[in-house]
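Novice: model this:
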Amino acid sequence: MTSYPMPANYADRVLVASPSPAVRQRVLESLRSPARRFEQASGGAEAMVHLESGFWQVLFLDRCLPDLDAEELSQTVRQRFPGIEVVLLDAPSGAAPEVAEEKNNLIPEMWPVASENNKNNKKDDRVEASPASGAAQTRLEAPLPGMIGNSRVMQPVYHLARLLAARNTTVLITGPTGCGKEVVARAIHQLSPRARHTFAVVNCAAIPETLLEAELFGYARGAFTGAMQSYAGRIQTAQGGTLFLDEIGEMPLSLQPKLLRFLEQKELQRLGSAEVVRVDARIISATNAHLLTLVREGKFREDLYYRLSAFPIEIPPLRDRTEDVRQLALHFLEKYVSRPPAPELSAEALELLKTQPWGGNIRELQNVIERALILAEGEVVIRPEHLWFSDASFRGSR
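Specialist: Residues are numbered from 1 along each chain as shown. Next up is the predicted model:
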């Protein structure tokens, strides 16, 4: 495991995830130390929210989770949080693991714990989880449908998306503008049992506040001036499928209670109608804003935030994915070339692409390659002077 210093006030932080209150209580009692900080989660998605929001030393994980596969989740935790000791609880008996309270020389102040099922595999797990280990690297995940690149920073995104695809867990995708949040949402839908049904998209920032409620929830004929016929709304359109709420941070505060009610009850009422309609639609939302900041500013409901973020996925910016720049650039060359074959990308041009800050992320790279093809019309090689970046200057000619 990775060794790194730990603040003293975070010593002995324990998280236990189990749908059974009795199992969680049994683990708490087995610790026999009031000095240890202990928090609980009733499922895998809730445990991930805890893990993302603070430092933990030990995760006790019930093998029978209501929402996620415990074995897959344990591997994900080991990859994303290599400093955490993961202990799988014995599902058939619900028994708490034996605890061996002896010092761990890898992480200061940490006590190693092990269930009988983990003892024989602990050494191998540590090697596999260590990002510095060259001998036992984790197998690379294939990119999601519609995505390109095998960089290390994208591996948790691919793994978590596949982990979530078969479930109905509500997902919040975060990341900067242009990084591919909608592509990830579509991939989750395409890999899910809902794939044969609709993937409905609502951009909360693109629809005026006065129209957004009608667009989402629909309306009955005569509900307002101009409503000449009934409209089902985007939520009902996603029956059996997935509703993707893009730029969810832009949703008006006045509309948020109605969305929260739908998330809790899976029921809605069209404008101008007393009829209650039940809708089975999975909700995936996305934002480039920091929702907790909006919550503190009173611009976003806290209860809605926790409903939407049952399982968060963060997509890294392109500047952290330099390994993927070449593959993405070649993809866009093939996509936008007017007369195949596409020009080659010179080594100098590629190096220039890799050194950019990419404030607009993949969308900016796509635009740069499209402009390069126009500027290099008739040539067989894309050179630095063909790369025109968002500041409207020819970087290669400097």
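Novice: Assign a three-state SS to Val16, would you?
Specialist: Of the three states, Val16 takes strand under DSSP: H, G, I helix; E, B strand; the rest coil.
Novice: is it true that it touches Arg24?
Specialist: Yes. Val16 is within contact range of Arg24, at 5.2 Å (criterion: CB atoms under 8 Å). (C-beta placed from N, C-alpha, C; glycine too.)
Novice: what do these two both touch?
Specialist: Gln40 (CB atoms under 8 Å, 6 or more residues apart in numbering).
Novice: Show me where the chain has its strands.
Specialist: Assigned by DSSP state E, the chain shows strands spanning 13-17, 37-41, 58-62, 85-89, 171-174, 199-203, 242-246, 267-269, 276-278, 282-287, 311-314, 344-345, 381-382.
Novice: Poorly predicted segments of the stretch 51-200 of the chain, please.
Specialist: Along the stretch 51-200 of the chain, segments meeting pLDDT under 70 span 53-54, 91-139.
Novice: Excluding chain neighbours, give the residue nearest to Ser273 in space.
Specialist: Distances taken as CB to CB, 6 or more residues apart in numbering place Ala220 nearest to Ser273, at 4.0 Å, with adjacent residues excluded.
Novice: pretty sure Gly241 contacts Ala281?
Specialist: Yes. Judged on CB under 8 Å, Gly241 makes contact with Ala281 at a distance of 6.4 Å.
Novice: Between these two, tell me which one has more neighbours.
Specialist: Ala281 (23 against 19; other CB atoms under 10 Å).
Novice: ok, the more buried one - contacts?
Specialist: Applying CB under 8 Å, 6+ apart to Ala281 gives the contacts Ala200, Ile235, Ala238, Gln239, Gly240, Gly241, Thr242, Leu243, Lys266.
Novice: Make TSV out of these and add distance to Leu59.
Specialist: Output for the contacts of Ala281, formatted as TSV (distance: CB to CB, whole Å):
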residue	distance to Leu59
Ala200	35
Ile235	35
Ala238	34
Gln239	37
Gly240	34
Gly241	33
Thr242	29
Leu243	31
Lys266	31
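Novice: Which among those residues count as buried?
Specialist: Among the contacts of Ala281, those classed as buried by 16 or more other CB atoms under 10 Å are Ala200, Ile235, Ala238, Gln239, Gly241, Thr242, Leu243.
Novice: I'd like the strands of the chain as JSON lines, with distance to Glu52 appended.
Specialist: Output for these, formatted as JSON lines (distance: least, CB to CB, whole Å):
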{"stretch": "strand 13-17", "distance to Glu52": "12"}
{"stretch": "strand 37-41", "distance to Glu52": "12"}
{"stretch": "strand 58-62", "distance to Glu52": "13"}
{"stretch": "strand 85-89", "distance to Glu52": "16"}
{"stretch": "strand 171-174", "distance to Glu52": "10"}
{"stretch": "strand 199-203", "distance to Glu52": "25"}
{"stretch": "strand 242-246", "distance to Glu52": "20"}
{"stretch": "strand 267-269", "distance to Glu52": "30"}
{"stretch": "strand 276-278", "distance to Glu52": "32"}
{"stretch": "strand 282-287", "distance to Glu52": "15"}
{"stretch": "strand 311-314", "distance to Glu52": "6"}
{"stretch": "strand 344-345", "distance to Glu52": "37"}
{"stretch": "strand 381-382", "distance to Glu52": "40"}
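Novice: ok, back up a step: so which of the contacts of Ala281 comes closest to Glu215?
Specialist: Nearest to Glu215 among these: Ile235, at 9.4 Å, using CB to CB.
Novice: Hmm, Leu243 and that closest one touching each other?
Specialist: Yes. In this structure, Ile235 is within contact of Leu243 by CB under 8 Å, at 5.8 Å.
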